[in-house]
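[1] okay, here's the prediction I keep looking at, along with the sequence it came from:
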Amino acid sequence: MSIVNNTTSTADVLAEYRTRQESKGAGSEELGKNEFMELMIAQLKNQNPLEPKGNGEFIADLAQFSSLEEMQNLSSTVGDVVGEFRSSQALQASAMVGKSVLAPANFGTLGQDGEMKGVVSVPSSTGGLRINIENSAGEMVRQLDLGQASAGQQAFTWDGEDGNGNPLPPGRYYVTAQGSYPQGTEQLLTLMSANVDSVSLGQGGSITLNLAGMGSIPLSDVQQVN
């Protein structure tokens with residue numbers, strides 16, 4: 001006795017799934033839960049009636065389907081959490097607009113108020129901390145001798161005047177910090193203060209702060225918000 005079977009075979013289901021994936025431009029052949037269920041049904045319909053699938057095999061297939069569904073649900077949940085986290089970050093970043101932040105930089109902007117502020121990161125106590133300030137032409141316009149300084153962040157303020165007390169025009173000025181140590185002079189990291197003009201959201205959820213006179217920096221570079 002022959003058995004006539006008009007149902008879709010497992011191979012047909014796979015072929016149809018791959019065709020759909022290629023039409024979508026998908027680069028992966030991983031099965032989703034719907035395709036997995038279609039395969040299970042096709043296998044059940046096309047099994048040999050004289051040698052049907054055993055209970056153990058059927059339960060194992062169901063367990064795989066359940067595991068696949070849970071993994072997809074978990075992936076969706078994680079995606080939602082990541083989206084909410086990025087939205088929260090964007091809201092926090094937007095609250096910085098109009099505020100002053102500290103970020104690593106070797107230059108700052110002398111404003112109309114005639115001041116430029118920054119911080120020097122001192123790794124260990126130094127016998128002499130000096131700030132050198134140059135104009136855009138590379139000319140030294142002022143030296144600030146801050147004397148002894150302990151380890152940590154040491155704040156400084158330049159009043160916008162040269163060594164003779166003459167006020168200098170607003171604009172960009174470059175800063176170099178040096179510490180005096182027994183082994184010699186060491187250049188130290190400077191953090192400059194700038195106002196946040198706006199916030200930009202990039203692809204992948206990246207957040208960039210646009211600083212007055214300093215350009216754009218990643219949110220992760222901000223060391224302090226004033």
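    Great, that's in hand.

[2] correct me if wrong: A151 contacts S124.
    Yes. The criterion here is C-beta atoms under 8 Å, and A151 meets it with S124 at 5.0 Å. C-beta: built from backbone N, CA, C; applies to glycine.

[3] what's the longest strand seen in the chain packed up against?
    Longest strand in the chain by number of residues (criterion: DSSP state E): strand 184-201. When contacts are defined as 3 or more C-beta pairs under 8 Å, 6 or more residues apart in numbering; DSSP states H and E, strand 184-201 packs onto helix 55-94, strand 100-104, strand 107-110, strand 116-122, strand 171-181, strand 207-211.

[4] name the strands paired with the second one and say parallel or antiparallel.
    If you go by DSSP bridges, strand 100-104 pairs up with strand 184-201 (antiparallel), strand 224-225 (antiparallel).

[5] pLDDT averaged over that strand - what is it?
    In this model, strand 100-104 has a mean pLDDT of 92.

[6] got it, and the fourth one?
    Taken as a whole, strand 116-122 carries a mean pLDDT of 95.

[7] tell me what angle that strand forms with strand 171-181.
    30 degrees (axes from the mean of the first three to the mean of the last three C-alpha atoms, to 10 degrees).

[8] elements contacting strand 116-122?
    By 3+ C-beta pairs under 8 Å, 6+ apart, strand 116-122 packs against strand 107-110, strand 126-134, strand 140-149, strand 152-158, strand 171-181, strand 184-201.

[9] burial count for the residue nearest to S150 when sequence neighbours are not counted?
    Nearest non-adjacent residue to S150, counting by C-beta to C-beta, 6 or more residues apart in numbering: S125, 5.0 Å away. Using other C-beta atoms under 10 Å, the number of residues around S125 comes to 13.
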